[in-house]
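K.L.:
Sequence and predicted structure are below.
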Amino acid sequence: MERGPLGAGTALPSLAVPVTRTLIVAGAIASRDFQDVHHDAELAKEKGSPDIFMNILTTNGLVGRYVTDFFGERAVLRKVAIRLGAPNHPGDTMVLSGMVGAFDGTTAEVRIVGANSLGNHVTGTVTVTLPKEFQEPAEPEEGV
């Protein structure tokens with residue numbers, strides 16, 4: 001992926017994530033979240049939901065993937081602070097977008113939004129230490 005200079009205001013390309021029944025159930029199982037609303041449509045409906053919905057741990061993983069897809073596998077997630085909003089139901093698409101809000105040369109804070117047809121599913125920030133190819137070169141010291 002071609003990337004220009006990085007700094008505050010740099011937009012990350014959007015990522016469309018199809019929300020499938022398999023993704024929702026597999027994410028819940030992988031994170032050991034056996035709540036019925038994440039795998040049993042009838043029980044989810046009895047509890048007032050139109051269908052099963054994605055758990056926060058799956059969303060958290062997708063947010064992490066989104067950031068590391070941009071910054072590379074050597075990027076280190078230092079902090080992920082997210083808040084859920086509209087649920088992700090099967091058959092919808094969540095579109096992740098992000099923008100660098102702060103950048104100190106080695107660490108970036110990325111503002112994240114993941115929206116679906118109902119509104120914002122997830123909002124938050126991810127603090128990431130960048131791999132060398134994204135870091136700004138240090139200013140040479142005078143006299144060196």
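P.N.:
Nice, I can see it.
K.L.:
what about T106, how many residues close to it?
P.N.:
As a burial measure, T106 scores 14 neighbours (other CB atoms under 10 Å). Where C-beta positions appear, they are placed from N, C-alpha and C, glycine not excepted.
K.L.:
Pretty sure it sits against L130.
P.N.:
Yes: between T106 and L130 there is a contact under CB atoms under 8 Å: 6.0 Å.
K.L.:
Quick check, central residue of this structure?
P.N.:
By CA atoms, centre = their mean, the chain has its centre lying nearest to V63, at 1.3 Å.
K.L.:
which residues does that one contact?
P.N.:
Residues near V63 by CB atoms under 8 Å, 6 or more residues apart in numbering: 80, 82, 96, 112, 114, 122, 124, 126.
K.L.:
got a winner among those for most neighbours?
P.N.:
Greatest neighbour count in those, by other CB under 10 Å, goes to G114: 26 neighbours.
K.L.:
Return the distance of it relative to F53.
P.N.:
13 Å (CB to CB, to the nearest Å).
K.L.:
So Y66 lies in a helix, does it not?
P.N.:
Yes: applying DSSP: H, G, I helix; E, B strand; the rest coil, one finds Y66 inside a helix.
K.L.:
H89: neighbouring residues, count only.
P.N.:
21.
K.L.:
My guess is S31 contacts N55. True?
P.N.:
Yes: under the criterion of CB under 8 Å, S31 makes contact with N55 at 6.5 Å.
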